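Participant: sequence and predicted structure below; questions after.
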Amino acid sequence: MIHAWLARNPRADRTRVYGPAQRAVVDAANLPDIGMLGVVDKGPTPLLALPALAERLGLGEVRVKDESQRFGFGAFKALGGVFAILQFMASHGDRKPTDIVFTAASSGNHGRSVAMGAQLVGARCVILLPGFTSAEKEAAIRARGAEVIRIDGDYDTAIVECRRRAEEKGWTIISDTSWPGYEIVPRDVMRGYTILADEIVRQWPQAPTHVLVQAGVGGLAAALIGYIWAVLPQRPMFVVVEPRSADCWFQSNAAGGPAPASGDAGTMMGGLACREISPITWPVVGLGADWFMTIEEDEVMPARRQFARPLDGDPAIASGPSGCAGLAALMRVCANGDARRALRLDRDARVLLINSEGNLGEAAP
Ligand SMILES: Cc1ncc(COP(=O)(O)O)c(C=O)c1O
């Protein structure tokens, strides 16, 4: 461990090939067709270059995949829940959508995606939200025709409650996280996310040397790390970023297998407020990430501000607290000599960040 907030992955082996254990989680040869998602705007989200910020941080390049521009939805999650519902319908040809109730626990974005998918196929949808999800996110879920149940607790409590109600009422769970015996849907959700990883590979022929990706349960990290590891000849350095109070990946890395967060997940980064990892992602994230790190709550606003009010010539980017976590992490590492050297973040570094959400319902930074 370099710092209490930065730890190397002792299992990372840069010569490890992307094998069957990884392909069973994320299969790069099985990219979904975005046309399936029933959206009008099928274009890729932009990969924005921030040369002035790269110069200020002493890096070669910084590029941001801007998912705030994902077809009017405003977060990468649009790719997951919708696709998983379409897959469910395709593999259950005998089920009538009007007889199905889809359900999910969500901090906001995944629920909106599941609501969108249910609306698309004409099924009922019930989303369980933890107490902290904003009124704006709840309204956006309702606007897609879903019913909303508020849970007196956090995201992990909402999952327990979602499973209980689904069991009792015969609802179909579309979860972004997995548990023993429940793996097909979360795998489909990640398969949807691989669309964004494929776009990045096409948009950046020179390819990144470093990928900083924020994690909640690890679905986004698995899709991105898995796809890039599978298709690029040279594997970049992968850094997984979490809020300190929701450090389930950081703790799992130390434990050598799935382990709970050390804190209560009481973070403003709602999309990352998870106390447990998605266990199916372990062969990709647990073996493929090079570093795990945490960030502090007071590092979020400066990062959102940096995106919103950029240096001369760089584009402005609208981000929510979970969206800017990768930038907050990059700024943390670049401000610390040891950390920076350990991660080889120098003038030759080409850094990829994911702005995973826009600023729906967030106060201006
Ligand atoms: C905006 C945003 N970023 C990142 C994440 C983390 O994704 P995952 O839970 O797949 O790790 C989420 C999850 O809800 C999110 O909403």
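Facilitator: Nice, I can see it. Numbering: from 1, shown residues only.

Participant: which residues in the stretch 201-350 of the chain form strands?
Facilitator: Along the stretch 201-350 of the chain, counting by DSSP state E, counting those that start in this stretch, strands occupy 210-214, 237-243, 291-295, 350-355.

Participant: and the first one with the ligand, contact?
Facilitator: In this case it means strand 210-214. Yes: Strand 210-214 reaches the ligand (Cβ under 6 Å from any ligand atom) through Gln214. Using the backbone N, CA and C atoms, a C-beta is placed for each residue, glycine as well.

Participant: partner strands of that strand, with direction?
Facilitator: Partner strands and pairing direction for strand 210-214 (DSSP bridges) are strand 237-243 (parallel), strand 350-355 (parallel).

Participant: picking that back up, just send the strands of the stretch 201-350 of the chain back as CSV, with mean pLDDT too.
Facilitator: CSV is the format used below for the strands of the stretch 201-350 of the chain (pLDDT from 0 to 100):
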stretch, mean pLDDT
strand 210-214, 98
strand 237-243, 98
strand 291-295, 98
strand 350-355, 98
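
Participant: longest single helix anywhere in this structure?
Facilitator: Using DSSP state H to define each element, the chain has its longest helix at helix 184-203.

Participant: just say helix, strand or coil for the closest residue to Ala118 other than its chain neighbours.
Facilitator: Spatial nearest neighbour of Ala118, excluding adjacent residues (Cβ to Cβ, 6 or more residues apart in numbering): Cys125 at 3.5 Å. In three-state terms, and counting by DSSP: H, G, I helix; E, B strand; the rest coil, Cys125 is strand.

Participant: bridging residues for Cys125?
Facilitator: Taking DSSP bridges, one obtains Phe102 as the residues bridged to Cys125.

Participant: give me the neighbour count for it.
Facilitator: Residue neighbour count, defined by other Cβ atoms under 10 Å, stands at 28 for Cys125.

Participant: stretch 181-192 near the ligand anywhere?
Facilitator: No: against the ligand, stretch 181-192 shows no contacts by Cβ under 6 Å from any ligand atom, the least distance being 7.7 Å.

Participant: tell me the pLDDT of the residue of the chain positioned farthest from its centre.
Facilitator: Taking Cα atoms, centre = their mean, the residue of the chain most remote from its mean C-alpha position is Asp94, at 32.3 Å. Listed pLDDT for Asp94 reads 94.

Participant: secondary structure element for it?
Facilitator: Per DSSP states H and E, Asp94 falls between elements, in no helix or strand.

Participant: phi first, then psi, for it.
Facilitator: phi -80, psi -10 (degrees, to the nearest 10).

Participant: contacting residues for Asp348?
Facilitator: Listed by Cβ atoms under 8 Å, 6 or more residues apart in numbering, the contact partners of Asp348 are 60, 209.

Participant: how far away is it from the ligand?
Facilitator: Distance, Asp348 to the ligand, using Cβ to the nearest ligand atom, to the nearest Å: 28 Å.

Participant: let me know the pLDDT of that residue.
Facilitator: Note for Asp348: predicted pLDDT of 98.

Participant: spell out which parts of the protein neighbour the ligand.
Facilitator: Proximity of the chain to the ligand is assessed by Cβ under 6 Å from any ligand atom, with 75, 77, 107, 109-110, 176, 214-221, 271-272, 322-323, 356-357 identified as the residues in range.

Participant: can you list the strands paired with strand 210-214 in a markdown table and add mean neighbour count?
Facilitator: Below are the strands paired with strand 210-214 laid out as a markdown table (neighbours: other Cβ atoms under 10 Å):
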| stretch | mean neighbour count |
| --- | --- |
| strand 237-243 | 27 |
| strand 350-355 | 26 |
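
Participant: spit out the contact partners of Arg191.
Facilitator: If you count contacts by Cβ under 8 Å, 6+ apart, Arg191 has them with 26-27, 30-32, 83, 87, 223.

Participant: OK, now which residue of the stretch 251-365 of the chain is nearest to the ligand?
Facilitator: Per Cβ to the nearest ligand atom, Gly271 is where the stretch 251-365 of the chain lies closest to the ligand, at 2.5 Å.

Participant: ok, that residue touching Asn109?
Facilitator: Yes: using Cβ atoms under 8 Å, Gly271 and Asn109 qualify as a contacting pair, with a distance of 5.9 Å.

Participant: any common contacting residues for these two?
Facilitator: Here Gly271 and Asn109 share the contacting residues 75, 77, 357, scored by Cβ under 8 Å, 6+ apart.

Participant: out of the residues you listed, which are inside strands?
Facilitator: Members of the shared contacts of Gly271 and Asn109 lying in strands (criterion: DSSP state E): none.

Participant: sorry, back to before: between the longest helix of the chain and strand 210-214, how many degrees?
Facilitator: Orientation check (axes from the mean of the first three to the mean of the last three Cα atoms, to 10 degrees): helix 184-203 against strand 210-214 gives 140 degrees.

Participant: dump helix 184-203 to CSV, keeping only the CA atoms.
Facilitator: The C-alpha trace of helix 184-203 is given here as CSV (Å, rounded to 0.1, in the frame of the first residue of the first chain):
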residue,chain,number,x,y,z
ILE,A,184,-27.6,-13.9,-16.3
VAL,A,185,-29.2,-10.5,-16.0
PRO,A,186,-26.3,-8.7,-14.4
ARG,A,187,-24.1,-10.2,-17.2
ASP,A,188,-26.5,-8.8,-19.8
VAL,A,189,-26.4,-5.4,-18.1
MET,A,190,-22.6,-5.4,-18.4
ARG,A,191,-22.9,-6.5,-22.0
GLY,A,192,-24.9,-3.4,-22.7
TYR,A,193,-22.1,-1.3,-21.1
THR,A,194,-19.6,-2.8,-23.5
ILE,A,195,-21.0,-0.5,-26.1
LEU,A,196,-19.3,2.4,-24.5
ALA,A,197,-16.0,0.6,-24.2
ASP,A,198,-16.2,-0.3,-27.9
GLU,A,199,-16.9,3.3,-28.8
ILE,A,200,-13.8,4.4,-26.9
VAL,A,201,-11.5,1.9,-28.7
ARG,A,202,-12.8,3.2,-32.0
GLN,A,203,-12.6,6.9,-31.0
